[in-house]
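Q: Sequence first, predicted model second:
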Amino acid sequence: MRLFCALAMLACTLPLSATLMAASCELTISAAASLTGAFKAIASQYQQLQPCKLTLNFAASGVLVQQLRHGAPVDLLATADQQSMDLAEASALIDPASRQDFIANRLVLIVPVSPTTASPQAGSTATAATTSNSADLQQLTAAAYQRIAIGNPATVPAGRYAKDSLQQAGLWPALSAKLVQAANVRQVLDYVVRGEAEAGFVYASDAKDQQVRSLGMVPVQSPIRYPLAVSSTSKYAAQARAFSQYLRSQAAQQILWQYGFSPIE
């Protein structure tokens, strides 16, 4: 008991900086490209609360898994689909017990908007309308749509969702020649914003407040839910779990909703 009290008194006499140094950590978080804006905001907020430096790495989910497999130093992995996380789990790259879904999203079909007529308010309204309106994929066969941007289905979940939807509608063979593949969903958005593609498939979170117009929600076979998990090689597994828990807190969820993501139902 006396030893415990002595240690407690010693801890109280340590400078604050020394205490923070003892509790500090450095987490590398690999996250799907569609999480870029939201995760930057959440990381900024979290680092004000915890003595932990967060390094963010964004790419297509399939690319993130490949990076992890090739030895990239990652503490926490967040993908935009279950398939990529399944692959990481099958390859023993993550701790299965730490895996949880933390947010949802929707796939939408977007077209360019003229900069002279577009506004953030108009973009928000168009995105909000997708909650009840479904996109007419058949219209993409029209001559007006010469280039349709889509994430590479091999590595980009949004591209895989789009391909599945087009196949389900029987349109994949007819539209294949029009498709312009992108490295990630953010690149799809850029193609449409710049008018380099007449249409594109992105998440509702990507389209929010952008110079694009949504033609409606693209039907998918199963809900789009984002899983996260702690890397099996993490040096800061406990701290990674703490940040994982924070991502499911009300404060972090509020930020994700502001960026156009959807709560898990």
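A: Everything's here; your move. Predicted model only: the values in this text are computed from it and were never measured. Numbering: from 1, shown residues only.

Q: Heading C-terminal from the helix or strand of the chain with the lowest mean pLDDT, find the next helix or strand.
A: Across the helices and strands of the chain, mean confidence by mean pLDDT, DSSP states H and E is lowest for helix 16-23: a mean of 36. Remark: after helix 16-23, the chain's next helix or strand is strand 25-32, criterion DSSP states H and E.

Q: Which strands border that next one, and is each parallel or antiparallel?
A: Using DSSP bridges, strand 25-32 pairs in its sheet with strand 52-59 (parallel), strand 76-78 (parallel).

Q: and it, which residues are buried?
A: Residues 25, 27-32 are the ones in strand 25-32 that count as buried (16 or more other Cβ atoms under 10 Å). In this view, the C-beta of every residue, glycine as well, is placed from N, C-alpha and C.

Q: how about CSV for the residues you listed, with pLDDT and distance to residue 224 added?
A: Rendered in CSV, the data for the buried residues of strand 25-32 read as follows (pLDDT from 0 to 100; distance: Cβ to Cβ, whole Å):
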residue, pLDDT, distance to residue 224
25, 84, 31
27, 97, 25
28, 97, 25
29, 98, 20
30, 98, 19
31, 98, 15
32, 97, 11
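
Q: Nearest to residue 265 among those residues?
A: residue 32 (20.0 Å; Cβ to Cβ).

Q: any idea how far residue 261 is from the closest one?
A: 11 Å (Cβ to Cβ, to the nearest Å).

Q: Residues in contact with both of the two, list them for me.
A: Listed as contacting both residue 32 and residue 261 by Cβ atoms under 8 Å, 6 or more residues apart in numbering are residue 226.

Q: Quick check: chain neighbours aside, which residue is closest to the most centrally placed residue in the chain?
A: Nearest to the mean C-alpha position of the chain, by Cα atoms, centre = their mean, lies residue 35 at 3.1 Å. Leaving aside its sequence neighbours, residue 35 sits nearest to residue 78 (Cβ to Cβ, 6 or more residues apart in numbering; 6.2 Å).

Q: How about residue 157?
A: Nearest one to residue 157, counting by Cβ to Cβ, 6+ apart, is residue 81 at 3.5 Å.

Q: Isn't the one you found up against residue 224?
A: Yes. If you go by Cβ atoms under 8 Å, residue 81 and residue 224 touch, sitting 7.3 Å apart.

Q: What ranges does the stretch 151-265 of the chain have for its strands?
A: 179-182, 199-203, 212-217, 224-230 (DSSP state E, counting those that start in this stretch).

Q: Tell me which of the ones you listed sits most buried.
A: Ranked by mean neighbour count under mean count of other Cβ atoms under 10 Å, those are led by strand 199-203, which reaches a mean of 30.

Q: Show me what it is packed up against.
A: strand 107-112, strand 148-151, helix 157-168, helix 185-193 (3 or more Cβ pairs under 8 Å, 6 or more residues apart in numbering; DSSP states H and E).

Q: Pull the third one out as PDB, backbone CA atoms only.
A: The C-alpha atoms that make up helix 157-168 are tabulated as PDB, following Å, rounded to 0.1, in the frame of the first residue of the first chain:
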ATOM      1  CA  PRO A 157     -15.500  -1.000 -54.000                       C
ATOM      2  CA  ALA A 158     -17.700   1.700 -55.500                       C
ATOM      3  CA  GLY A 159     -16.700   0.500 -59.000                       C
ATOM      4  CA  ARG A 160     -17.600  -3.100 -58.000                       C
ATOM      5  CA  TYR A 161     -21.000  -2.000 -56.700                       C
ATOM      6  CA  ALA A 162     -21.600  -0.100 -59.900                       C
ATOM      7  CA  LYS A 163     -20.600  -3.100 -62.100                       C
ATOM      8  CA  ASP A 164     -22.900  -5.400 -60.100                       C
ATOM      9  CA  SER A 165     -25.800  -3.000 -60.500                       C
ATOM     10  CA  LEU A 166     -25.200  -2.600 -64.300                       C
ATOM     11  CA  GLN A 167     -24.900  -6.400 -64.600                       C
ATOM     12  CA  GLN A 168     -28.100  -6.800 -62.600                       C
END
